[in-house]
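Visitor: build me a model:
(one chain, ligands or ions: 1)
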Amino acid sequence: MAKVAIVGAGPAGCSAGYHLAKSGHDVTLMDKQGFPRDKVCGDGISIESIQAISTMGIYPHDIQKLASEYAPIHHFFLGVSNQISHSEQTNLEAYCIPRAVFDQLLYEKAIDAGCRFLVQTVHKNNWHHHGLTDAFDTIIDARGVSAGEVNAIAIRAYWTVQRQDLPETALLEAQIHFDRSLGVNGYGWIFPVSTQHDLIKLNVGVGVWLDEYQELKINVIQLFKQFVGSNKIAQQILSKVVEQQSPKVFPLATAKKGNRVTDGKILKIGDAANLTDPLTGEGIANAILSGFHVAQAVNMSRTPEAIADNWQYLYESHFEADLRAGLRIKAFRKFSFMNYLLIWLMKQNPRIARQVSHAVAGVVPYNEVLASLKY
Ligand SMILES: Cc1cc2nc3c(=O)[nH]c(=O)nc-3n(C[C@H](O)[C@H](O)[C@H](O)COP(=O)(O)OP(=O)(O)OC[C@H]3O[C@@H](n4cnc5c(N)ncnc54)[C@H](O)[C@@H]3O)c2cc1C
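Guide: As a prediction, this is how the structure comes out:
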């Protein structure tokens, strides 16, 4: 059995640790922070993420039991610049859960499976210097966006609203907005996070791509304010807010073309491998699934070289087609009327509405959406 070091104990690292420890390997999971720890996020746990964590033995009823704060999501809302929108009900429940709570569930699963945990910062790619290459047979880089290639940014804040001031649907709805104020491919989100009490916490944010952001030539915080100022729903909520956090900026490592998920013998997973969705910035599902598949690569291979080749192969067979289709849809969105057309089509055709909503929630691959739009 191999000695494995996993650096980074987010969803990707904990998933890899869980699966490798379960298959009998000697796993050391390292993170620069001890747990519980927070992670900045939109806190959206998509249907695909819910499916992915079942590979770690965490099921929806566990979430409701173990997560002290959560919101069940029954509707997916897509809107374009206050002009056209569609809300699709789903029987497949997703959630919004603060990451301090969600990541703790995954961390505990990895530890229960047999991972050893160390608080340790591993800077840059100096694995030799840290003695990791001598001490371990396999090294997995799961350090998140700090190890990936940053190609987008997200600006996020929490707002607090009194329950009676929000319509009931707002407590069950994940909203994505394609607003002109956010440039060609930008998106805004409004997610309910903690809906179990009288004070409701909402996660409000925007995401933009660095190449487009540079063209917008405005301050990033101004961009968030512009979204809130021009979006009617955000405005209505803001008028009821009893407490608001200042928006802050965070990097994103979304999909890229020609992606190599190995660096020599180092195996990159999750955000470190740029596995985040290029349309919505959703990355938890692929982080967890990449932990599962990298463990298969370790289990199925005899040499470190074979492990690296097999992980690249499994990445290409399980992730690349969907991420590439996402990049293609992102390219279509360059023609801004495409957003309107998409939502118009969703309104006309319930099958397309369901597919697009489920693609945004991660259940239907983007390549299937592209195929269905052709007919
Ligand atoms: C503002 C924002 C909103 C988002 N919203 C959503 C959303 O709603 N839904 C969704 O699915 N995804 C969302 N994402 C993306 C999601 O957060 C990531 O894709 C996901 O966390 C990736 O998991 P990971 O395990 O690869 O990395 P992370 O969760 O970032 O975990 C990396 C771990 O590595 C540790 N680490 C970092 N550097 C070092 C180092 N040098 N040495 C040791 N340890 C280190 C960190 O402490 C951390 O614990 C959002 C991201 C941002 C920034």
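
Visitor: ok, which stretches of the stretch 51-200 of the chain are strands?
Guide: Taking DSSP state E, counting those that start in this stretch, the strands of the stretch 51-200 of the chain run over residues 71-80, 84-96, 116-119, 138-141, 152-162, 173-178, 187-194, 199-209.

Visitor: how far out from the middle of the chain is the fifth one?
Guide: Just to be clear, that refers to strand 152-162. 15 Å (CA atoms, centre = their mean, to the nearest Å).

Visitor: which residues are contacting it?
Guide: 40-42, 193, 198-210, 213, 220-221, 223-224, 237-238, 240-254, 281 (CB atoms under 8 Å, 6 or more residues apart in numbering). C-beta here means a position set from N, CA and C on the backbone, and glycine is covered the same way.

Visitor: rerun at 6 Å
Guide: For strand 152-162, contacts defined as CB atoms under 6 Å, 6 or more residues apart in numbering pick out 199-202, 204-207, 209, 220, 224, 240-245, 247, 249-252, 254, 281.

Visitor: and if you look at the third one?
Guide: Strand 116-119 is touched from outside by 28-30, 34, with contacts defined as CB under 6 Å, 6+ apart.

Visitor: as JSON lines, these with pLDDT, neighbour count and secondary structure would be great.
Guide: Converted to JSON lines, those look like this (pLDDT from 0 to 100; neighbours: other CB atoms under 10 Å; DSSP: H, G, I helix; E, B strand; the rest coil):
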{"residue": "28", "pLDDT": "98", "neighbour count": "18", "secondary structure": "strand"}
{"residue": "29", "pLDDT": "98", "neighbour count": "27", "secondary structure": "strand"}
{"residue": "30", "pLDDT": "97", "neighbour count": "21", "secondary structure": "strand"}
{"residue": "34", "pLDDT": "97", "neighbour count": "11", "secondary structure": "coil"}
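
Visitor: if we can go back for a sec, the ligand is nearest to which of the strands of the stretch 51-200 of the chain?
Guide: Smallest distance to the ligand across the strands of the stretch 51-200 of the chain (CB to the nearest ligand atom): 3.4 Å, for strand 152-162.

Visitor: quick one: which of the contacts of strand 116-119 is nearest the ligand?
Guide: residue 30 (5.8 Å).

Visitor: phi, psi for the spatially closest residue to residue 372 that is not a sequence neighbour please.
Guide: Once flanking residues are discounted, residue 372 sits nearest to residue 355: 5.5 Å by CB to CB, 6 or more residues apart in numbering. Dihedral angles phi and psi of residue 355 (degrees, to the nearest 10) take the values phi -60, psi -40.
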